[in-house]
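give me a 3D structure for the following:
(2 chains)
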There are 2 protein chains.
Amino acid sequence: MKFELETTDGAARRAQLVFPRGSIQTPAFMPVGTYGTVKAMTPEEVESIGAEIILGNTFHLMLRPGADIIRRFGGLHDFMHWRRPILTDSGGFQVFSLEGLTKVTKDGVQFQSHLDGSKHFFSPEKAIDVQHAIGSDIMMCFDECTTYPATREHARESMEMTHAWAARCRAHWESLGADHQALFGIVQGSTFEDLRRESARALVDLDFPGYAIGGVSVGESKEEMRQAVDWAAPLLPEDKPRYLMGVGPPEDLLDAIERGVDMFDCVMPTRNARNGSLFTTRGKVNIKNAKHARDFGPLETEWPNPIGGHYSRAYLHHLYRSGEILSLRLNTLHNVFFMLQLAVHSRNAIKNGTFPDFKRAFLDAYTSGE
Amino acid sequence: MKFELETTDGAARRAQLVFPRGSIQTPAFMPVGTYGTVKAMTPEEVESIGAEIILGNTFHLMLRPGADIIRRFGGLHDFMHWRRPILTDSGGFQVFSLEGLTKVTKDGVQFQSHLDGSKHFFSPEKAIDVQHAIGSDIMMCFDECTTYPATREHARESMEMTHAWAARCRAHWESLGADHQALFGIVQGSTFEDLRRESARALVDLDFPGYAIGGVSVGESKEEMRQAVDWAAPLLPEDKPRYLMGVGPPEDLLDAIERGVDMFDCVMPTRNARNGSLFTTRGKVNIKNAKHARDFGPLETEWPNPIGGHYSRAYLHHLYRSGEILSLRLNTLHNVFFMLQLAVHSRNAIKNGTFPDFKRAFLDAYTSGE
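Numbering: from 1, shown residues only, chains lettered A, B, ... in the order given. Predicted coordinates:
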């Protein structure tokens, strides 16, 4: 992986990540494909609307179809027919939110599968092994995503576990000779400035190809999310990519881009789509609302739109109310495209040195309502 | 509508229907798009795999989104963004299978909506009015689809109702000046040879642009289905299209093509797809079966295949087991394409005078198992 920083606009960065499987223009939004599919989309569609990287969930894929099957396929790319880069999370976020979690030690985590009750042991080494089998282009360190809110004492303990595990992930990654897969470290520290700074420094000392800010999108306020970035981002190396995990709605993306973050993932565009909540430049539209039943106009008028030219709001409303699968498809296509477009516009604005103007104009329209 | 008979092979016919919106090569399979969408597919996809006409369900569309909304859109084509011809059923089949059915008279049928409990009156004239609003290229007469099994007495009464309603549909269609929409009459008569013949003659006397054989796919045996066609088809005009309603699995299609039927519709390809039951030239494949979990081979090896080149059986199995929407999409795309290919192969065989050979070879492979 090469990281090429092209230009900055304040703290905002315009860069690219270069992989053998393709480059990723940043700031980048990464659609989430939990089980080897971005829900409701084909890989061709995901590519056609401009996604350059997708995210896969290690924990889910380990349980179904299993690392063994993916390994025998030569990796997730071939299994799911996606040719461009893939980032995998470490499984930490999921494993710590499990009801079947039975035991956490310094060694790792014991848990039972929610699918079939089978027992599993997950550790830093195992997380790297599974991601190695998946063959992702970017792997994440196994971390403990500190719950919110956390006491200072718990946040410190949790952070120190994350640091110890990061060192073990890095060592195991080296021992596998898997350096064609870039390994990212994850900054924790909850809502505490000193811990966030300490965590950033500790991870930078371990020298990873890239860095993530984790422990956000866990229930904290927008202000707390911004602070986590404010505290950590300036301490991360300028010449390496920065990824804010699990974020987020358009306004949060722009806040974080402004603070120097390069990469984002979030299930919101796909999940909201399935609930009929659609992003537009004039704010969110709830397509199930009766007012759309006779609205022959398009969903979005400002930005280009893969479905806008064809389908009226009335038709999208009808599909949603009829429980049609096509509703899930078109809504998903629309929302994911919207997030990708938000990244495109952000990149152009940074290049032109007009990111603050773009952000202000976008938010003015986005919060104006229809 | 023009009907052009190109050639025959025994009783089997190779023809085309010509409409301003496009021609339909027959024998033709018509995918079912109940609520203004072929379930899980975009119109572009439906067209891309070779469908030349789709079916819409008048009864469903009348209740949701309602004839009024479709009329204000200028018809179903624009509402759902499908440019090629559409055939609508009359709503009779659905209205007679309703639990909310309250009263049947010579005038028509009173029923309550299963969606919101609202009361509706449906009659031959109303069925034509709604189909007129929908703007379908082929409309069907409102008929009583005789239940199976039926006594001779009930079958006769029901048939006579269908004939009286056919005459009223025809008169109302003429009064609307809607002859850009072809109106098809429907032969009933249940499992009785004399009634089937009488019904065919009565409808031919009314002089429709096309004819359907109805009252099949209602629980009868394959032999009874074949008999219904054997009795009626020879009495229908050679220079008009013949449509066997609601049929069916590949073997039934071939039986009916051999007996001179031109058009088919069936929900089986789309419904089976959603249940993981997939058509292949080597018979049906149940993709949820565990034996596919590690099968890296394609689903179909003989016929060209819109998904075969990309996705292994193992991936399709994984998607199905994970409850992914992409499973519904790929399975549907596969099954509908299979039925369209079956029609393509049948047409080529009739043209070459080899339909019996094609049928035998297809069934040999199809029933051989994998």
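
quick check: phi and psi at A:Met339.
Main-chain dihedrals, A:Met339, degrees, to the nearest 10: phi -70, psi -40.

phi, psi for the nearest residue to it once chain neighbours are set aside please.
Closest residue to A:Met339 apart from its sequence neighbours, by CB to CB, 6 or more residues apart in numbering or on different chains: A:Phe29 at 4.5 Å. Heads up, the C-betas are built off the backbone N, CA and C, glycines and all. Reported as degrees, to the nearest 10, the phi and psi values for A:Phe29 are phi -100, psi 130.

make sure A:Phe29 is actually in contact with A:Leu342.
Yes - using CB atoms under 8 Å, A:Phe29 is in contact with A:Leu342, at 6.9 Å.

mind showing which ranges of chain A have poor pLDDT?
Across chain A, residues meeting the criterion (pLDDT under 70) sit at A:370.

same thing but 90
For chain A, the stretches with pLDDT under 90 are A:91-104, A:111-118, A:120, A:179, A:301, A:304-310, A:369-370.

flag every residue of it that's near chain B.
A:35-37, A:39-43, A:64-65, A:69, A:72-73, A:79-81, A:293-294, A:296, A:310-312, A:314-315, A:317-319, A:321-322, A:324-326, A:328-330 (CB under 8 Å from any CB of the partner chain).

picking up where we left off before, overlap in contacts of A:Phe29 and A:Leu342?
Residues touching both A:Phe29 and A:Leu342 (CB atoms under 8 Å, 6 or more residues apart in numbering or on different chains): A:Leu253.

which residue packs closest to A:Leu326, ignoring adjacent ones?
A:Leu326 sits nearest to B:Thr37 (CB to CB, 6+ apart), 4.5 Å away.

tell me the centre residue of chain A?
By CA atoms, centre = their mean, chain A has its centre lying nearest to A:Asp265, at 1.8 Å.

OK, contacts around it?
Applying CB under 8 Å, 6+ apart to A:Asp265 gives the contacts A:29-32, A:55, A:87, A:243, A:245-247.

of those residues, select the buried ones using a ChimeraX command.
Listed next is the ChimeraX selection for buried residues among the contacts of A:Asp265, using 16 or more other CB atoms under 10 Å in any protein chain shown:
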select /A:29,30,31,32,55,87,243,245,246,247
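
quick check, nearest of the contacts of A:Asp265 to A:Thr354?
The nearest member of those to A:Thr354, counting by CB to CB, is A:Phe29 at 19.7 Å.

give me every residue that touches that closest one.
Counting by CB under 8 Å, 6+ apart, A:Phe29 touches A:51, A:253, A:264-266, A:339-340, A:342-343.

let's verify A:Leu195: helix, strand, or coil?
The three-state label given to A:Leu195 by DSSP: H, G, I helix; E, B strand; the rest coil is helix.

and the gap between it and A:Cys169?
20 Å (CB to CB, to the nearest Å).

name the residue in these two with the higher neighbour count.
A:Cys169 (28 against 23; other CB atoms under 10 Å in any protein chain shown).

and the more buried one, what element?
Element membership of A:Cys169, judged by DSSP states H and E, is helix A:152-176.

A:Arg13 too?
Going by DSSP H and E, A:Arg13 is in strand A:12-19.

what's in contact with that strand?
For strand A:12-19, contacts defined as CB under 8 Å, 6+ apart pick out A:1-8, A:23-28, A:53, A:85, A:137, A:241, A:257-260, A:262, A:346-347, A:350-351, A:355.

in helices only, show me those residues.
Applying DSSP state H to the contacts of strand A:12-19, the entries found in helices are A:257-258, A:346-347, A:350-351, A:355.

would you map the helices across the stretch 51-200 of chain A?
A:58-61, A:67-72, A:76-80, A:92-96, A:124-134, A:152-176, A:193-206 (DSSP state H, counting those that start in this stretch).

hang on, the earlier thing: how about the contacts of A:Phe29 in a markdown table, adding secondary structure?
Listed next are these as a markdown table, based on three-state DSSP:
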| residue | secondary structure |
| --- | --- |
| A:Ala51 | coil |
| A:Leu253 | helix |
| A:Phe264 | strand |
| A:Asp265 | strand |
| A:Cys266 | coil |
| A:Met339 | helix |
| A:Leu340 | helix |
| A:Leu342 | helix |
| A:Ala343 | helix |
